[in-house]
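> Next come a sequence and a model predicted from it.
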Amino acid sequence: MTLNRKIKKVKIVATLGPAINSQDDIRRLVENGANVFRLNFSHGEHADHAERLNWIRAVEQELNTPIGVLMDLQGPKLRVGRFADGRVDLQNGQPFTLDLNSEPGDSQRVNLPHPEIIEALEPGMDLLLDDGKLRLRVRECTKASVETEVIVGGELSDRKGVNVPEAVLQLSPLTDKDRRDLAFGLEIGVDWVALSFVQRPEDITEAQQLIQGRAFLMAKIEKPTAVEYLDEIVARSDAIMVARGDLGVELPAETIPSIQKRIIETCRQQGKPVVVATQMLESMRNSPAPTRAEVTDVANAVYEGADAVMLSAETASGDYPQEAVSMMSKIIHEVEADPNYHARLDVNRPLPEATVSDALCCAIRRISRILPVAVLVNYTNSGTTSLRAARERPKAPILSLTPNLVTARRLSVAWGIHSVVDARFSEDGHLIDAAFEAAGQRQMAQPGDTLVITAGVPFGKPGTTNMVRIESFPLA
């Protein structure tokens, strides 16, 4: 069976959780528009994630369409300790101490079991507690404690989270739990690894040394320092996630839209896929319909040129996971049908690099503007040329033909690319006929349509894309 659905260019990442109970649920999500599934290792047991991955692989085979699997590592979770009475009420202007003393806290102090935070703080810096609901300002620091003033008070209870937006913490993004989870995820065969708590480019290198090429790395931009090092982090990563949850806690909320645009533009310039995430259709956790603001948020991410948009709790634990994916797909289709969509993308089109691959990709973008091209067919082994073609945001969809299933799963998160895997694609004997057959089976072209085909000579050798052909789909 081959999946048959209306082609969209922007992809959907759907998070799996207790709301998804079977292989049938996975199939329905794919049929409604999901392209990549996220396994959130902040929740669930290893056995749960392995079972869900097995469902995905079964549906992938059944529908004959490559599906990407993204494991999302939890990263360091910075929290205060416990209180003697379970909670306290902090008043604006009062002093409050955070220290390394493990005794239960009270209205004057609480344990902060993270010496690396205390070491990094300086007077004048702010700490945010409980997702930013409370704000403390540092007045004095010692090696074992921090004296603060409550700027924004409220209720503080056991084990609430701590954010330190103004300090760079001497802390690896990989905890012992993350390392165990990563080893397990690589063992069961995930395609992508999302790295949390990225602060510096060196964090990417550390993770890649552990992954050793067995999966592709997606860096989550959720720390202010990651925004400062954005260009370098994008350069070292295979993809980027705009993780607006923690980013929106650590930075003023009004700055997030412009930061999102900057991240998307930087990723497109470097030809790296970018996923926009967090609270995109949040109300659909409990409602069968989104708010107008949420629809606009998803649409804006599509208009800005994002490769993919992500659903979190909406599909993992919400009451309407299928409806959420279907709604997101409808929004994407509506934006992509707007005649101004590609015009807007062209305004920020990145300059090509001086390579044969970029020269060809620029050419096929222009060809698809001049001729009524139904589909751009790209033969690829590593996926690099398909990604460079996607960077151009051509008007026609990209059909990526590869003998490599790993490559096809990698490309499942990238804008406009739809992959077909077949061992014959490593041979040059039937290049044109195979392109016609694959485009016809995916209902991306029909007799009389124009196809643009790119490939490399010698055929099947990575990094040699150097040929472009314009062909008409033969009439029956």
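Received it, and whenever you're ready, just let me know what you need.
> Low-confidence regions, the protein specifically.
For the chain, the stretches with pLDDT under 70 are 1-5, 427-429, 457-464, 476.
> List the buried residues for stretch 320-336?
Neighbour counts using 16 or more other Cβ atoms under 10 Å place 320-329, 331-333, 335-336 of stretch 320-336 among the buried residues. (C-beta placed from N, C-alpha, C; glycine too.)
> Run through who's touching that stretch.
6, 8-10, 12, 14, 19-20, 25, 28-29, 32-34, 280-281, 284-285, 287-290, 295, 298-299, 302-303, 309, 311, 314-315, 318, 341 (Cβ atoms under 8 Å, 6 or more residues apart in numbering).
> Show me the residues you listed that map onto helices.
D25, R28, L29, N32, V295, V298, A299, V302, Y303, E314, T315, Y341 (DSSP state H).
> Format those as JSON lines; extra columns: distance to L121.
Formatted as JSON lines, the ones in helices among the contacts of stretch 320-336 follow (distance: Cβ to Cβ, whole Å):
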{"residue": "D25", "distance to L121": "46"}
{"residue": "R28", "distance to L121": "49"}
{"residue": "L29", "distance to L121": "44"}
{"residue": "N32", "distance to L121": "47"}
{"residue": "V295", "distance to L121": "41"}
{"residue": "V298", "distance to L121": "38"}
{"residue": "A299", "distance to L121": "40"}
{"residue": "V302", "distance to L121": "40"}
{"residue": "Y303", "distance to L121": "40"}
{"residue": "E314", "distance to L121": "36"}
{"residue": "T315", "distance to L121": "38"}
{"residue": "Y341", "distance to L121": "46"}
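> and the gap between the residue lying closest to V298 once chain neighbours are set aside and T296?
Leaving aside its chain neighbours, V298 sits nearest to I331 (4.7 Å; criterion: Cβ to Cβ, 6 or more residues apart in numbering). From I331 across to T296, the span is 9 Å (Cβ to Cβ, to the nearest Å).
> ok, S196 touching K220?
Yes: taking Cβ atoms under 8 Å as the definition, S196 is a contact partner of K220 at 5.2 Å.
> who touches both of those two?
Common contact partners of S196 and K220 (Cβ under 8 Å, 6+ apart): D72, A243.
> what does the helix or strand hosting A293 rub up against?
Element membership for A293, per DSSP states H and E: helix 292-304. Residues from elsewhere that reach helix 292-304, judged by Cβ under 8 Å, 6+ apart: 10, 257, 260-261, 264, 276, 279-284, 309, 327-328, 331-332, 334-336, 341, 344.
> Quickly list the domain ranges of the protein.
By the assignment in automatic domain parsing, the chain contains the domains 11-75+173-337, 87-163, 351-472.
> Span of the first one from start to end?
From the first residue to the last, domain 11-75+173-337 extends over 15 Å; the measure is Cα to Cα, to the nearest Å.
> and what of stretch 68-82?
Chord length of stretch 68-82, first to last residue, is 40 Å (Cα to Cα).
> What of stretch 411-421?
Using Cα to Cα, the end-to-end distance of stretch 411-421 comes out at 12 Å.
> Can you tell me the closest non-neighbouring residue to A455?
Y379 (4.0 Å).
> no, scratch that, I was asking about Q74
S42 is the one closest to Q74 (Cβ to Cβ, 6+ apart), at 4.2 Å.
> The one you found against D72, yeah?
Yes: using Cβ under 8 Å, S42 is in contact with D72, at 7.3 Å.
> Pick out whichever of those two has more residues nearby.
D72 (28 against 12; other Cβ atoms under 10 Å).
> Good, wrapping up.
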